[in-house]
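> show me how the following folds:
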Amino acid sequence: MKAAGVRELRKELEYRSQEDLVKIILRLSRFKKENKELLTYLLFEAEDEQHYIEGVKSHISQSLETINTSNLHRAKKAVRKVLRETKKFIRYSGDKETEVQLLLHFCTEMIDQHQKLLRSKVLRDLIERQKLLIKVRISTLHEDLRFDYTRELNLMD
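As a prediction, this is how the structure comes out:
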């Protein structure tokens, strides 16, 4: 079965009643955890972006604190998992400023909490790639925000 394009889906959804749309959304939310998480963000958290950011930041901090550093391989996997979750939360928001804030927080927490792990070239490169991504995203922001976030990024070095 071939999936319909966004344009086709939009046209079809325009013709559906509100009751049908509610049924479709609820059915869609049953299939994947990510669908439920996105729906939760859109319905409950999109109105207060700052509160959402703070919640995700605390989740990142807690996840990084629980990393077992005794086994380097498992620690690398855990760090990549936290980064993957962070990027998922960024996708839900879709806001460039949110992306910059969350990635800055991830990098800062990694540097503060896990200096020992950063001896690994793989993890150092991972942090450097995120810093490069942050620089690219900062360049798309408003001038005032650009200055603040660039200063914060430079403090990490």
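> pretty sure Lys57 is touching His105, no?
Yes. Contact between Lys57 and His105 holds when scored by CB atoms under 8 Å: they sit 4.9 Å apart. (C-beta placed from N, C-alpha, C; glycine too.)
> buried residues in stretch 85-105?
Using 16 or more other CB atoms under 10 Å as the test for burial, stretch 85-105 gives 86, 89-90, 92-93, 96-105.
> do you know the pLDDT at Leu145?
According to the prediction, Leu145 has pLDDT 89.
> apologies, that question was intended for Val82.
Per the predicted model, pLDDT is 97 at Val82.
> near it, how many residues? Count them for me, please.
Residues within reach of Val82, counting by other CB atoms under 10 Å, total 21.
> so what's it closest to, chain neighbours aside?
Closest residue to Val82 apart from its sequence neighbours, by CB to CB, 6 or more residues apart in numbering: Ser63 at 4.5 Å.
> check which helices and strands the top helix by length along the chain is in contact with.
For the chain, the longest helix by residue count, based on DSSP state H, is helix 72-93. Using 3 or more CB pairs under 8 Å, 6 or more residues apart in numbering; DSSP states H and E as the contact test, the elements touching helix 72-93 are helix 33-40, helix 49-65, helix 96-113, helix 121-138.
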